[in-house]
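Peer 1: sequence and predicted model, in that order:
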Amino acid sequence: MNATDPTLAGRALRVAVLSAAHVHAASYVRLLEARADVEVVLADPDGFGDVPAKRTVATIDEAWTAFDGEAPDAVVVCSDNAGHKALVLEAARRGIHVLCEKPLATTVEDAEAMVTACTEAGVVLMTAFPVHFAPQVEALRQAVGNGSLGEIIALAGANNGKLPAGREWFTDPEAAGGGALVDHVVHIAEILDSLFGEPETVHAVVNGVLYGHTNDGDAETGGLVTLRYANGLIATIDCSWSQPAEAPTWGGLKLHVAGTGGQLAIDAFSQRVEGPGQWHSFGLNLDSLLLEAFLEAVRSGEGQEPSGAVGARTVRVVNAAQESVRTGAPVALCEPQ
């Protein structure tokens, strides 16, 4: 393991949150500001104005020197998806560590360019997959890894949520790279990557029946993605913005795994108290665990999972799913073994 960066010893880490465009920006700012070992600035170039922060600057340029003229040690990229590449490449050029919201990019080419730039600059690049840290997901990884479920023969996953409110770019295919397929496939794709590696083929179907959308240029609001692996395993991902606005929670992520030795079903957000019209979560804060891992990586200079590389692989799955929608046929990701 790399030694702790001596330039960071004995002082708070300087972290800039670049953009308030993503719905997770508010959580990241709140959690970072609560830490005694971090100084935080939020850049809000789009003028959303709805993310509480002790210190906000109006432009990205200001964020690069926002700490008494000094650069941040790390940035959290929370722009719209199409804006990720430019911000990550600039951070890498300046030698600044990066945590980037998911999806890492809107194209495989952009994602790979971001990974390469950060590797060559010697800076950490992590992808913001908080569910990676859910104890339920870790229990699944252990059960698959230790063979207690036998040979895995089927897996069904669902990541369904509300249509993000107040952030219209989520339904703009140019800014987001797509719709629900982009927003709600990558979390499960990252989990599957940690369990089984890369699939051989990807097949997808989508629709736009929710919220009055059509598929004539608008973002898809629901879809089903089927992944086939070299060993014959078939996994499905149900992705949608199907949670109604009045639902008591934003949505959820569930997986059901069947093996020759047993079955395991997990709900990544099961730590909650349910009541009429409202749910209250308790227990571990997954955003906090993600930030803790990132800050540890910044201090050590050694990357951690979920890395930029896995972020790029999940973009490959999403782009293959989009191609499958266009062609109506499965898309190969790797050569059959």
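Peer 2: On my side now, so go ahead.
Peer 1: ramachandran coordinates for the spatially closest residue to Leu290 that is not a sequence neighbour?
Peer 2: Nearest non-adjacent residue to Leu290, counting by C-beta to C-beta, 6 or more residues apart in numbering: Pro130, 4.6 Å away. For every residue, glycine as well, the C-beta is placed using N, CA and C. Backbone torsions of Pro130, given as degrees, to the nearest 10, read phi -60, psi -30.
Peer 1: burial count for Pro130?
Peer 2: The number of residues packed around Pro130, counting by other C-beta atoms under 10 Å, is 21.
Peer 1: swap in Ser288?
Peer 2: 18.
Peer 1: the one 5 residues further on now?
Peer 2: Here the count is done by other C-beta under 10 Å, and Ala293 has 19 residues near it.
Peer 1: what distance do you get for the residue nearest to Leu290 to Pro173?
Peer 2: 25 Å (C-beta to C-beta, to the nearest Å).
Peer 1: swap in Ile188?
Peer 2: 21 Å.
Peer 1: between the two, which one's more packed in?
Peer 2: Ile188 (30 against 17).
Peer 1: quick check: closest non-adjacent residue to that one.
Peer 2: For Ile188, ignoring the flanking residues on the chain, the nearest one in space by C-beta to C-beta, 6+ apart is Gly157 at 4.2 Å.
Peer 1: the one you found: what's it in contact with?
Peer 2: Applying C-beta atoms under 8 Å, 6 or more residues apart in numbering to Gly157 gives the contacts 188, 191-192, 235-238, 253-256.
Peer 1: and with 6 Å instead?
Peer 2: By C-beta atoms under 6 Å, 6 or more residues apart in numbering, the residues touching Gly157 are 188, 237, 255.
Peer 1: next: Val51.
Peer 2: 20, 25-26, 29.
Peer 1: what about those residues, which are in helices?
Peer 2: Using DSSP state H, 25-26, 29 are the members of the contacts of Val51 that sit in helices.
Peer 1: switch those over to a markdown table; also include distance to Gly150 and neighbour count.
Peer 2: Below are the ones in helices among the contacts of Val51 laid out as a markdown table (distance: C-beta to C-beta, whole Å; neighbours: other C-beta atoms under 10 Å):
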| residue | distance to Gly150 | neighbour count |
| --- | --- | --- |
| Ala25 | 42 | 26 |
| Ala26 | 43 | 18 |
| Val29 | 45 | 24 |
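Peer 1: quick check, pLDDT for the closest residue to Ala121 other than its chain neighbours.
Peer 2: Closest residue to Ala121 apart from its sequence neighbours, by C-beta to C-beta, 6+ apart: Ala92 at 4.2 Å. Listed pLDDT for Ala92 reads 98.
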